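Q: quick one: sequence and predicted model below, then my questions.
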Amino acid sequence: MPDIERRSEPRRTYHMPFKFTLKGREDDVLRGAVNNISTSGIGMYSFQPLSEGQEIMVKSLLPGKHTAYTVRWSRQLAEDFFEVGLKMIE
């Protein structure tokens, strides 16, 4: 059975390393990599486990003006390696 596309907007492939912080821990800069991007969200890879509902602030320059995102989902791909879906906070 094919996967059903659940995204509200199309995403485009966009590979780039970036830095981010967790809300409440702004002094602790973490690293990840963008996998894809849309006007309302980001698909990324992280070496840090992130929980659904957690807020992050992107510190790197990415297309668009938004820097605040909420973790929508996260899944572990390997030890200390996670795929994460982020939604822009309006």
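A: Yep, that arrived. Residues are numbered from 1 along each chain as shown.

Q: what about the strand of greatest length in the chain, distance to the chain center?
A: If you go by DSSP state E, the chain has its longest strand at strand 25-37. Centroid separation for strand 25-37 versus its chain: 8 Å, with CA atoms, centre = their mean, to the nearest Å.

Q: mind listing the strands that strand pairs with, and their directions?
A: strand 12-22 (antiparallel), strand 41-46 (antiparallel) (DSSP bridges).

Q: leaving out sequence neighbours, find the closest residue to residue 35.
A: Excluding its sequence neighbours, the residue lying closest to residue 35 (CB to CB, 6 or more residues apart in numbering) is residue 43, at 4.3 Å. Where you see a C-beta, it was placed from the backbone N, CA and C, and this is true even at glycine.

Q: quick one, what contacts the residue lying closest to residue 69 once chain neighbours are set aside?
A: Distance criterion CB to CB, 6+ apart; nearest residue to residue 69, sequence neighbours excluded, is residue 86 at 3.9 Å. Contact analysis of residue 86 by CB atoms under 8 Å, 6 or more residues apart in numbering lists 41-44, 56, 69-72.

Q: if you set the cut-off to 6 Å instead, what comes out?
A: Listed by CB atoms under 6 Å, 6 or more residues apart in numbering, the contact set of residue 86 reads 41-42, 69.
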